[in-house]
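**Student:** sequence? don't have it. structure:
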């Protein structure tokens, strides 16, 4: 994996150099990714998850419909922002001269992005014709993703403090 990580770093180095030429202060390069992703996960992610479950479990039909609509609007935005943040986190590592694929933080982030897009595809499929098993899979996979993002944050904090 080290060779692949080195190749990816070399591929991204010109982009990292361009960002480095902007004179971004080192604390922003170092802690910008976790600060922004923390906001996305804690604020947007937790509300999207809450709205998803509330839409699923609320007994009042109007409350359920409102929460489902909120989830449908916010979950794709969260997926987009996390995907962009994933890219930013990798660029941050390249800018700091750190290896990309050698930390659990990289792998949990990669898994989270893959799972978010997979969960979105379940939804975009119309839950396979509105199949209850796929709706349940979507709900529990979304919850698993949120738990994975908590683990990811812990690995990220450890990584950030070690650099």
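**Tutor:** Thanks, I have it. Remember, it's a predicted structure, so these values are computed and weren't measured experimentally. Numbers count the residues shown, from 1 in each chain.
**Student:** what are the phi and psi values at the residue in the chain sticking out farthest from the centre?
**Tutor:** Taking C-alpha atoms, centre = their mean, the residue of the chain most remote from its mean C-alpha position is residue 60, at 31.1 Å. When quoted as degrees, to the nearest 10, the phi and psi of residue 60 stand at phi -80, psi 120.
**Student:** which parts of the longest helix seen in the chain are buried?
**Tutor:** Counting by DSSP state H, the longest helix found in the chain is helix 61-95. Across helix 61-95, burial judged by 16 or more other C-beta atoms under 10 Å covers 67-68, 70-71, 74-75, 78-79, 81-82, 85-86, 89-95. All C-beta atoms are positioned from the backbone trio N, CA, C, and that covers glycine.
**Student:** where exactly do the helices run in this structure?
**Tutor:** 2-20, 26-39, 46-57, 61-95, 104-124, 126-130, 132-162.
**Student:** so can I have CSV of these showing mean pLDDT?
**Tutor:** Shown next, in CSV, are the helices of the chain (pLDDT from 0 to 100):
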stretch, mean pLDDT
helix 2-20, 91
helix 26-39, 93
helix 46-57, 97
helix 61-95, 96
helix 104-124, 97
helix 126-130, 93
helix 132-162, 96
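**Student:** hmm, residue 55 is touching residue 68, no?
**Tutor:** Yes. Contact criterion C-beta atoms under 8 Å: residue 55 and residue 68 qualify, at 3.5 Å.
**Student:** all set now, cheers.
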